[in-house]
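> just a sequence and a predicted model for now, questions to come.
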Amino acid sequence: MGFPLRLLAREIYDRLVAIKGVHQVALVTGEERIEPPQARWYCCTVESMPIDRDFAFVAIDEAQLGADPERGHIFTDRIMHARGRDETMILGSESLRPLARGLLPDAEIISRPRF
């Protein structure tokens, strides 16, 4: 899963390690790389997502950052090219809907209110 912030990736990594074990979870950011050979779950910053691996599930969080002048090109690239073998989730604000519909016309869009 690609997160917009290193600290968020780290937080989720720590939670997953507590549940799945240190050998099952990877953390890949611009500042940290913890990648056990048998890791099944990857927590990454969007910029550091491995795009050459075959994952069953891929998610991009806060994808509306594709509109950001500095980092938007990376988010847009991942929206267009990062795919899970079985499922891909692009998570973001409602403002992302028209962009997603334009770029991915066949995508299923599900809305859920924020807490």
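Thanks, I have it.
> hey, C-alpha coordinates of stretch 101-109 in CSV?
Listed in CSV are the C-alpha atoms of stretch 101-109, where the atom choice follows Å, rounded to 0.1, in the frame of the first residue of the first chain:
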residue,chain,number,x,y,z
ARG,A,101,-13.8,8.6,-14.1
GLY,A,102,-11.8,10.3,-16.9
LEU,A,103,-8.6,8.3,-16.5
LEU,A,104,-10.2,4.9,-15.6
PRO,A,105,-13.7,4.9,-17.2
ASP,A,106,-14.3,1.2,-16.3
ALA,A,107,-13.3,1.6,-12.6
GLU,A,108,-15.9,0.8,-9.9
ILE,A,109,-16.3,3.9,-7.7
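> show residues contacting it.
Counting by C-beta atoms under 8 Å, 6 or more residues apart in numbering, the neighbours of stretch 101-109 from elsewhere in the structure are 79-80, 90, 97, 100. In this view, the C-beta of every residue, glycine as well, is placed from N, C-alpha and C.
> so which of the residues you listed is the most crowded?
Ile90 (24 neighbours; other C-beta atoms under 10 Å).
> report the beta-bridge partners for that one.
In this entry, Ile90 is beta-bridged to Ile60, by DSSP bridges.
> ok, now which ones touch it?
Ile90 sits next to 59-60, 63, 79, 96, 100, 104, 107 when contact means C-beta under 8 Å, 6+ apart.
> filter these to the buried ones?
When burial is judged by neighbour count using 16 or more other C-beta atoms under 10 Å, the buried members of these are 59-60, 63, 79, 96, 100.
> least confident pick among these?
Comparing pLDDT over these singles out Ala100 as the least confident position, at 82.
> setting the sequence-adjacent residues aside, check what's closest to that one.
Ala107 (5.9 Å; C-beta to C-beta, 6 or more residues apart in numbering).
> does Glu47 touch Arg71 like I think?
Yes. With contacts defined as C-beta atoms under 8 Å, Glu47 counts as touching Arg71 at a distance of 7.4 Å.
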